[in-house]
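Here is my input, please return the structure:
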Amino acid sequence: MMKKLPLILGVCLTVGLSASVQAAPADDLKVFQDFFKKKFPDVAEQEFANGVYAVDPVGRESWEAIEEFPPYEPVVDAGKEMWEKPFKNGKTYKDCFPDGPAIASKFPHWDKEKGMVMTLPLAINNCLEANGEEKLKYKKGKINNILGYIAYESRGQKINVEIPDDPKALEAYQKGKDFWLAKRGQLNMSCAGCHAMNAGNKIRADVLSPAYGQPTGFPVYRSKWGGMGTLHRRFTGCNKQVRAKPFKAQGEEYRDLEYFLTYMSNGLELNGPSARK
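Below is the predicted model of the structure:
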């Protein structure tokens, strides 16, 4: 009977989140976070910010060894240079982000003027475009340098995504929730199926991470990639793994998913950039 408990909890979670399209985000948040706290009662809440290593003690030993000489350190240094280097017009990133680089906790947020979810990578490219600079690719490459530096400077800030009482913002949130719950691809799997119902279980040789806390450490250095990647690069990889056609990085689908998933991690501290298997 005990072996079935995670599955039962998972069903309760998906039913709870699916119960009403009009459910208040705050109600969803309680259902979501309570589920993971009950499923992993021995895991301290802030530990969920460490992703799979909160529930995988064997993998955690290797991860802690890697963190002694972090592979993302050169990325942070390169990102600092990008932040300080003037654009061709003499301005810098600070002209777009006057509060300085420690701004990761401000994203994603609902941009009422644009009527869309604004993510940090999108805001960075909007800054570059406004200053006559070439935009960066959204999954890998130099965007991870600037994101890595901002993440490093933002460490310790708590996630505090707000869902305003705005019909369009609530619609974007709902779309993100629906995406997370929906089954897709030839394997007919959902984000919830892997990272809620089966969180902590193995798929082949890998332990599946809990969804609670997943966005906190990005961008991440993955051994599998041999380099850095953004959250939307990881979304793309997940879709490919279930044999579903990925969506466009920073397209509406992934931005809404990020909005929902980050909101679900409200209260956790940011700890990016980080390293993953």
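
Identify the residues contacting whichever helix or strand residue 253 is part of?
Using DSSP states H and E, residue 253 maps to helix 252-263. Surrounding helix 252-263, the residues in contact under the criterion Cβ atoms under 8 Å, 6 or more residues apart in numbering are 25, 29, 108, 110, 116-117, 119, 122, 159, 161, 163, 172-173, 175-177, 179-180, 191, 211, 214-215, 231-232, 235, 247-248. C-beta coordinates here come from the backbone N, C-alpha and C atoms, glycine included.

Where does the prediction get shaky in the stretch 151-277 of the chain?
For the stretch 151-277 of the chain, no stretch is flagged by pLDDT under 70.

can you map out the strands along it?
Using DSSP state E, counting those that start in this stretch, the strands of the stretch 151-277 of the chain run over 202-203, 206-207, 220-222, 227-229, 274-276.

For residue 83, find the nearest of those.
strand 227-229 (16.3 Å; Cβ to Cβ).

Which elements pack onto the closest one?
Secondary-structure packing of strand 227-229 (3 or more Cβ pairs under 8 Å, 6 or more residues apart in numbering; DSSP states H and E): helix 143-153, strand 220-222.

Could you check how far that strand is from the centre of its chain?
Taking Cα atoms, centre = their mean, to the nearest Å, one finds strand 227-229 lying 14 Å from the centre of the chain it belongs to.

That strand: partners in the sheet, and parallel or antiparallel?
The pairing partners recorded for strand 227-229 under DSSP bridges are strand 220-222 (antiparallel).

List the contacts of the partner strand.
Contact with strand 220-222 is made by 70-72, 75, 227-229, 234, 272-277, as judged by Cβ under 8 Å, 6+ apart.

Residue 264 is in contact with residue 29, correct?
Yes. Counting by Cβ atoms under 8 Å, residue 29 does reach residue 264; the two are 6.3 Å apart.

who's more crowded, those two?
The neighbour comparison of residue 29 against residue 264 (other Cβ atoms under 10 Å) goes to residue 264, with 26 against 17.

Can you classify residue 78 by secondary structure?
The three-state label given to residue 78 by DSSP: H, G, I helix; E, B strand; the rest coil is helix.

so what's it closest to, chain neighbours aside?
Excluding the flanking residues, the one nearest residue 78 by Cβ to Cβ, 6 or more residues apart in numbering is residue 145, at 4.1 Å.

I'd like to know how far the one you found sits from residue 76.
Distance, residue 145 to residue 76, by Cβ to Cβ, to the nearest Å: 8 Å.

Comparing these two, which residue is more hemmed in?
residue 145 (24 against 18).

which ones are touching residue 156?
Counting by Cβ under 8 Å, 6+ apart, residue 156 makes contact with 269, 270.

ok, residue 108 touching residue 117?
Yes. Residue 108 is within contact range of residue 117, at 5.2 Å (criterion: Cβ under 8 Å).

who wins for proximity to residue 13 among the helices and strands packed on strand 227-229?
With Cβ to Cβ as the criterion, residue 13 lies closest to strand 220-222 of the helices and strands packed on strand 227-229, at 25.0 Å.

Just want the most central residue of the chain.
The centroid of the chain falls nearest to residue 215 when counting by Cα atoms, centre = their mean (2.4 Å).

Roughly how far does the closest residue to that residue other than its chain neighbours sit from residue 170?
Excluding its sequence neighbours, the residue lying closest to residue 215 (Cβ to Cβ, 6+ apart) is residue 262, at 4.7 Å. Distance, residue 262 to residue 170, by Cβ to Cβ: 16 Å.

repeat for residue 266
The gap separating residue 266 from residue 170 is 16 Å, by Cβ to Cβ.

before we move on, what about residue 13?
Look at residue 13 and residue 170: by Cβ to Cβ, they are 20 Å apart.

Please say which of these two ends up with more neighbours.
Applying other Cβ under 10 Å to residue 13 and residue 170 shows that residue 13 carries more neighbours, namely 23 against 17.

what's near enough to touch the more buried one?
Neighbours of residue 13 in contact, by Cβ under 8 Å, 6+ apart: 31, 32, 35, 192, 196, 197.

Near the first one, how many other residues are there?
Okay, so that is residue 31. 17.

That one against residue 17, yeah?
Yes. Residue 31 lies in contact with residue 17 (Cβ under 8 Å); the separation is 6.2 Å.
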